[in-house]
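K.L.:
Predicted model follows, preceded by the sequence.
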Amino acid sequence: MRIAVVGATGLVGGEILKVLDERNFQFDELMLVASARSAGKKMEYKGVEYTIISMEDAVAAKPDIAIFSAGGGTSLEWAPKFAEAGTTVVDNSSAWRMNPANKLIVPEINASSLTKEDKIIANPNCSTIQMVLALAPLHEKYGLKRVVVSTYQSVTGTGKAAVDQLTNERNGVEGEMAYPHKIDMNVLPHIDVFMDNGYTKEEMKMTNETMKILEDDQVKVTATTVRLPVVGGHAEAINAEFKNDFDVAEVRSILEGTEGIIIEDDPANNVYPMPINAHNKNEVFVGRIRRDESQANTLNMWVVADNLRKGAATNAVQIAEYLVKNELV
Ligand code: 2RA
């Protein structure tokens, strides 16, 4: 097994390396790949010094799997070159997600659809992954009709520049702005670019990717995505209306039995999911599970996950693990 991490110097790239280590992913060779600007630089991983290699050299080396986290433009240009060389690409960007020819995978939900022919596999958007993991088993049981979701997203989703902006503001230091406004002591109802319909691209990702992953274009999702001065993970207030009625205790037990989900729901003892606790964890945490008393067949829940983990690195590494385990590479 020869594996390449493309975008190894970025926030998600670093997290992918940590997750590969923690999950004891077995490889014979690891290639750390980055843009021409970083190629040739040294990087230490698990006590070993690696020389970062260029995209050209990585394609020529034909790794079995390349986990990409290098942005949509890089992915659009380079993923097909890797695929042509026989490498299976697991891509974290939005470049291939809605392309009908590419699968959009959350392993607990739909990894079984993968075949050897899938050479560019898309990792969904972070805010979609944690929401859909909690919704999928409920959709299967009660039939999801409509979701109204508001997100509370960590600055780590934007990348290092945003973490630096927050740190600088907290320390009273002047610096580059990753956002159009201050982020500390603030809340921005604005993630990614605005589109003609008034939604942001992040909001439309939640709508479109959910339908694709659940393979159901009748499921309606309307989202408001919001950035907060938080680093540990994304939180989401999810209001889900189902075709059929449910029992809240049964909902809780379905979620308890779902791989990758941990229930934290004991309001009497102030127990509910929070980014500060989800940080560096691979699971999706669900709490505040309760009936929406304003409408039939409708549930409220609060879902938190580390967006760099299950929302990006962990999900991508799980896909790679699935490919290896099922001899698809
Ligand atoms: C964000 N969803 O949090 C993005 C990262 N993929 O901005």
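P.N.:
Okay, I see it. Keep in mind it's a predicted model, so treat the numbers as computed, not measured.
K.L.:
Run a quick neighbour tally on the closest residue to the ligand within the chain.
P.N.:
Closest residue of the chain to the ligand, CB to the nearest ligand atom: Gly157 (1.9 Å). All C-beta spots, glycine's among them, are computed from the backbone N, C-alpha and C. Other residues near Gly157 come to 25 when the count uses other CB atoms under 10 Å.
K.L.:
now the helices: where do they sit in the stretch 51-200 of the chain?
P.N.:
Residue ranges of the helices in the stretch 51-200 of the chain, as given by DSSP state H, counting those that start in this stretch, are 55-61, 72-84, 107-110, 126-142, 160-171.
K.L.:
Against which helices or strands is the first one packed?
P.N.:
Using 3 or more CB pairs under 8 Å, 6 or more residues apart in numbering; DSSP states H and E as the contact criterion, the neighbours of helix 55-61 among helices and strands are strand 2-6, strand 29-33, helix 72-84.
K.L.:
And for the third one?
P.N.:
Using 3+ CB pairs under 8 Å, 6+ apart as the contact definition, the elements that helix 107-110 packs against are helix 126-142, helix 201-214, helix 314-325.
K.L.:
which residues does Gly159 contact?
P.N.:
By CB atoms under 8 Å, 6 or more residues apart in numbering, the contact set of Gly159 is 10-11, 178.
K.L.:
and what of Lys310?
P.N.:
126, 129-130, 133, 260, 282-284.
K.L.:
did I read that right, it in a helix?
P.N.:
Yes - counting by DSSP: H, G, I helix; E, B strand; the rest coil, Lys310 falls inside a helix.
K.L.:
Just the pLDDT for it.
P.N.:
According to the prediction, Lys310 has pLDDT 98.
K.L.:
near the ligand, which residues of this protein show up?
P.N.:
Residues of the chain found near the ligand (CB under 6 Å from any ligand atom) are 125-127, 153, 157-158, 191, 202, 307.
K.L.:
mind running it again at 8 Å?
P.N.:
Counting by CB under 8 Å from any ligand atom, the residues of the chain lying close to the ligand are 92, 94, 125-127, 153-154, 156-158, 191-192, 202, 205, 225, 227, 234, 307, 311-312.
K.L.:
Which one (most neighbours) among the contacts of Lys310?
P.N.:
Neighbour counts for those, by other CB under 10 Å, peak at Gln130, which reaches 34 neighbours.
K.L.:
Help me confirm that that one comes into contact with Val304.
P.N.:
Yes - counting by CB atoms under 8 Å, Gln130 does reach Val304; the two are 7.4 Å apart.
K.L.:
need the contact list for the closest residue to Asn102 other than its chain neighbours.
P.N.:
Counting by CB to CB, 6 or more residues apart in numbering, Trp96 is the residue found nearest to Asn102 once chain neighbours are left out, at 4.2 Å. Applying CB under 8 Å, 6+ apart to Trp96 gives the contacts 75, 79, 102, 120, 122.
K.L.:
Ok, Thr51 next?
P.N.:
Thr51 is in contact with 32, 40-43, counting by CB under 8 Å, 6+ apart.
K.L.:
If we use 7 Å, what do you get?
P.N.:
Listed by CB atoms under 7 Å, 6 or more residues apart in numbering, the contact partners of Thr51 are 40, 42.
K.L.:
Just to be sure, Gly40 is in a helix?
P.N.:
No - counting by three-state DSSP, Gly40 falls outside a helix, being coil.
K.L.:
so what's it up against?
P.N.:
By CB under 7 Å, 6+ apart, the contact set of Gly40 is 51-52.
K.L.:
Let me know the pLDDT of it.
P.N.:
Per-residue confidence (pLDDT) for Gly40: 95.
K.L.:
Pull up the gap between it and Val33, please.
P.N.:
12 Å (CB to CB, to the nearest Å).
K.L.:
Look up the residues that both of the two are in contact with.
P.N.:
Among the neighbours of Gly40, those also in contact with Val33 (CB under 7 Å, 6+ apart) are Ile52.
K.L.:
Now do Lys81: how many residues are near it, please.
P.N.:
Residues near Lys81, counting by other CB under 10 Å: 15.
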